[in-house]
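Engineer: Sequence unavailable; structure follows:
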């Protein structure tokens, strides 16, 4: 006795399967009327609370770390891809995109229980950096990338902004740029859109079911219309898909440091994650001031809800797991006003932040060295030869007074002083310029003086003027044919 849990209370060796620890008393009769009793205690120990960890996704090419709790020994199956199937936290090296592992947990007295966990690989973003391109020194080109939500270029030299999708590049030398493209994938938060109601998260606030009356301070509801829990509240879900878009509406507490929403998820060490949520105000007075944290460490600056009602704004930050294998995400309202301070949360996400890279090479060709030649001086009416060099094709500007403006050695006969610009291009289209000045001097106003009449044997002084140097041809009978006044 008692017979509860015994296969046969009248048998000598019954099987005992009690649900709780039970003291059984046996009464033995030897057949001659002699009776004796004895008792035995069957201790029923609870099964270990086997927990294989939260389902998690990691970026393709990365490993995942499992993290089971609840026992002393652990046995994982299948063992494929595990660093050690007999530890609580083996590392998974993926052979398939998705794997479900089962762990058998044994406690100190040999009781066993089991649990399962699913891990999967998230695809990497399809990073694109555009085709390689060639420019001339001093020119710019716009780099074109695609495939993600965030973009970081390196090296930064010569870029207008290394953190935008399509920066302008003006490198001084041939450079290979690498763009790291980031993309959020999946959502590790359970019921982050509140479509399943008041499940999957913890809160220091009290849940308020939809019903008559106004929801008081430090209470929350999961609704499709804020007005359903308080007559002064206004607002619908972030997607605007009323009446089926559920969200969390909160009447702010006057007590500081109370968690509005918390949830724990599994993470892999040394992995980047993206946390985000949408916040709105349901009463246009004293907006909530939300502080987000992961594992007790503040994430980002305090976030003030919008002042206008039903105006959804997003908070988002990236977080690296470091050595952590779980992330406990919490939201606290730092505003303790009990007037106003009413807000809503929706579409809470905690996603693997996967990155991939792509490269593009910008080849920078040196400029040709244009040489328009030395400055020259000529007289009006003279013809001289230009002396350009340095390129494959040439263009003199202006073409005035030139026989062929595309010939580097063209004849020139301008009628006035002219500054010529020589534009040269090489075989890949790079160009350079140089200038030369063609000084055109006016002709002197030459005068040989008046005519003379004289007798044989007489002399006369000729009256030359208008110049600096003189030449009197023919020089016959002149004392000095190079003098001004011979």
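Structural biologist: All right, it came through fine. This is a predicted model, so every value here is computed, not measured.
Engineer: When you work out contacts or count neighbours from here on, use the C-alpha atoms and nothing else.
Structural biologist: Will do.
Engineer: The helix or strand of the chain with the lowest mean pLDDT: partners in the sheet, and parallel or antiparallel?
Structural biologist: Least confident helix or strand, the chain: strand 56-59 with a mean of 88, by mean pLDDT, DSSP states H and E. With DSSP bridges as the test, strand 56-59 is paired with strand 112-122 (parallel).
Engineer: what does the partner strand contact?
Structural biologist: Contacts to strand 112-122, defined as C-alpha atoms under 8 Å, 6 or more residues apart in numbering, come from residues 47-62, 64, 94, 97-106, 185-186, 352, 354.
Engineer: and those, which of them are in helices?
Structural biologist: Judged by DSSP state H, helices contain none of these.
Engineer: Among these, name the buried ones.
Structural biologist: 47-60, 64, 94, 99, 101-106, 185, 352, 354 (16 or more other C-alpha atoms under 10 Å).
Engineer: taking the residues you listed one by one, which sit in strands?
Structural biologist: 56-59, 64, 99, 101-106, 185, 352, 354 (DSSP state E).
Engineer: Excluding chain neighbours, give the residue nearest to residue 36 in space.
Structural biologist: Leaving aside its sequence neighbours, residue 36 sits nearest to residue 28 (C-alpha to C-alpha, 6 or more residues apart in numbering; 5.3 Å).
Engineer: Does the one you found lie in a helix or a strand, and which?
Structural biologist: Residue 28 belongs to strand 22-29 when assigned by DSSP states H and E.
Engineer: Tell me which strands that strand pairs with, and in which orientation.
Structural biologist: Going by DSSP bridges, the partners of strand 22-29 are strand 35-42 (antiparallel).
Engineer: ok, residues contacting the strand it pairs with?
Structural biologist: Counting by C-alpha under 8 Å, 6+ apart, 18, 21, 22, 23, 24, 25, 26, 27, 28, 29 sit against strand 35-42.
Engineer: how close does the first one sit to residue 40?
Structural biologist: It stands for residue 18. Distance of residue 18 to residue 40, computed by C-alpha to C-alpha, to the nearest Å: 13 Å.
Engineer: What score does residue 213 have for pLDDT?
Structural biologist: Predicted confidence (pLDDT) for residue 213: 77.
Engineer: ok so it is a strand residue?
Structural biologist: No: per DSSP: H, G, I helix; E, B strand; the rest coil, residue 213 lies outside any strand segment and is coil.
Engineer: State the mean pLDDT of the strand holding residue 28.
Structural biologist: 93.
Engineer: again, but for stretch 176-190
Structural biologist: Computed over stretch 176-190, the average pLDDT equals 93.
Engineer: and for it, what are the contacting residues?
Structural biologist: For stretch 176-190, the external contacting residues (C-alpha under 8 Å, 6+ apart) are 55-57, 122-125, 127, 129, 145-155, 200, 263, 265, 273-274, 348-362.
Engineer: Now for the nearest residue to residue 211 once chain neighbours are set aside, how many residues are close by?
Structural biologist: With sequence-adjacent residues excluded and distances taken as C-alpha to C-alpha, 6+ apart, residue 211 is closest to residue 229, at 6.5 Å. Residue 229 has 24 neighbouring residues, counting by other C-alpha atoms under 10 Å.
Engineer: Residue 229 contacts residue 216, correct?
Structural biologist: No: Residue 229 is beyond contact range of residue 216, at 9.3 Å (criterion: C-alpha atoms under 8 Å).
Engineer: re earlier: which pair in the ones in strands among the buried ones among the contacts of strand 112-122 spans the largest distance?
Structural biologist: The largest separation in these, counting by C-alpha to C-alpha, is between 106 and 354 at 36.0 Å.
Engineer: still on that earlier bit, residue 38 versus the residue nearest to residue 36, what's the distance?
Structural biologist: For residue 28 relative to residue 38 (C-alpha to C-alpha), the value is 8 Å.
Engineer: out of those two, which sits in the busier spot?
Structural biologist: residue 28 (14 against 9).
Engineer: what's near enough to touch the more buried one?
Structural biologist: 35, 36, 37.
Engineer: Number of residues surrounding the first one?
Structural biologist: In other words, residue 35. Using other C-alpha under 10 Å as the criterion, the residues surrounding residue 35 number 10.
Engineer: Closest to residue 161 out of the contacts of strand 35-42?
Structural biologist: Minimum distance to residue 161 across the contacts of strand 35-42 is 70.7 Å, recorded for residue 21 (C-alpha to C-alpha).
Engineer: I'd guessed the closest one sits against residue 4; true?
Structural biologist: No: if you go by C-alpha under 8 Å, residue 21 and residue 4 don't touch, sitting 11.3 Å apart.
Engineer: The nearest residue to residue 126 once chain neighbours are set aside: how many residues sit nearby?
Structural biologist: The shortest distance from residue 126 to any non-neighbouring residue, by C-alpha to C-alpha, 6+ apart, is to residue 147 (5.0 Å). Number of residues near residue 147 (other C-alpha under 10 Å) recorded here: 19.
Engineer: Offset the numbering so it begins at 26, please.
Structural biologist: Happy to do that; since the first residue is 26 now, the last one works out to residue 172.
Engineer: Quick check: residue 172 touching residue 152?
Structural biologist: Yes: using C-alpha under 8 Å, residue 172 makes contact with residue 152 at a distance of 4.9 Å.
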